[in-house]
Structures are given as structure tokens and as C-alpha cells.
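Trainee: I need the structure of the sequence given here:
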Amino acid sequence: MIVWAILHFFLSTSLLKRLPIVGEFFIVDSVLMIIGGIILIVGVTSLYIPTLVLNWANYLLLTESRIYPAPVLGIPLPAINQYVIGSFILDIIIIIVTTVVYVTKR
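Mentor: Prediction:
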């Protein structure tokens, strides 16, 4: 989750100039993912489900915004580059790891 947040902090710097709303969303989302990573590391089991929901929301927003209009912008985001593919892969890994941690800690 921390790697994902670092990637999105990096992407937000360039997006703040072209698409400020998306850049600001990336910053807020990165902070939430860092908090989610801390929750998993510390082991606050009562917050595993919200963390898993956040991970799914990120994955679904990334997927949805490539096909349908992005929720804030109203247009699809056409770019599919190495950062998008990397985010897809990281999202899937994060969902799997969070689910495994949740199931094993029950």
C-alpha cells in the first residue's frame, strides 16, 4: 500500500498542473492508503473491512475511469501507460494481501 501511495504522490505532482482535481484526489487517496497500510501493519482488525473497501474502490475507479466518464471530470481518461498498468497490478496485489490478512486474523 505504501508503494501504491508513493506512485500516486509522484503522479499527483504532474497532474496538479493539468488536472488539479485529479491531482488533489491522488494526494488524498495516497494519504488514505498510507493510513490503510498502517492499519494493516499495526493490526487494527476492526478497520480491515474499511481498508478492503478502500482498496476495491481504488481498483474499480481506475478500471471504470478508463471506459466510462471519470466521476469528477465527466470524460473517460484515455491514457493507458506504464503507471496505469502498474497501478492495476498493485491494486490487485493489495486486494489479495488485504483479504488474506483479514481472513487469517479472524
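
Trainee: now the helices for this structure?
Mentor: Ranges of helices in the chain, per DSSP state H, are 2-18, 20-42, 48-67, 82-105.

Trainee: contacting residues for the residue nearest the centre of the chain?
Mentor: The centre of the chain sits closest to N58, judged by C-alpha atoms, centre = their mean, with a distance of 4.1 Å. Applying C-beta atoms under 8 Å, 6 or more residues apart in numbering to N58 gives the contacts W4, D29, M33, D91. Quick note: C-beta positions are derived from backbone N, CA and C, even for glycine.

Trainee: thinking again about what came up before, for I75, find the nearest of the helices of the chain.
Mentor: When those are compared by C-beta to C-beta, helix 48-67 sits nearest I75, at 9.3 Å.

Trainee: now render the helices of the chain as a markdown table, adding distance to I75.
Mentor: What follows is those, written out as a markdown table (distance: least, C-beta to C-beta, whole Å):
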| stretch | distance to I75 |
| --- | --- |
| helix 2-18 | 13 |
| helix 20-42 | 11 |
| helix 48-67 | 9 |
| helix 82-105 | 16 |
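
Trainee: okay, these in JSON lines with distance to G74 and mean pLDDT next?
Mentor: Shown next, in JSON lines, are these (distance: least, C-beta to C-beta, whole Å; pLDDT from 0 to 100):
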{"stretch": "helix 2-18", "distance to G74": "16", "mean pLDDT": "86"}
{"stretch": "helix 20-42", "distance to G74": "11", "mean pLDDT": "90"}
{"stretch": "helix 48-67", "distance to G74": "11", "mean pLDDT": "88"}
{"stretch": "helix 82-105", "distance to G74": "19", "mean pLDDT": "90"}
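
Trainee: any idea which of those gets closest to L73?
Mentor: helix 20-42 (7.1 Å).

Trainee: and the contacts of that closest one?
Mentor: For helix 20-42, the surrounding residues in contact (C-beta under 8 Å, 6+ apart) are 1-2, 4-6, 8-9, 11-17, 47-48, 51, 54-55, 58, 70, 72-73, 97-98, 101.
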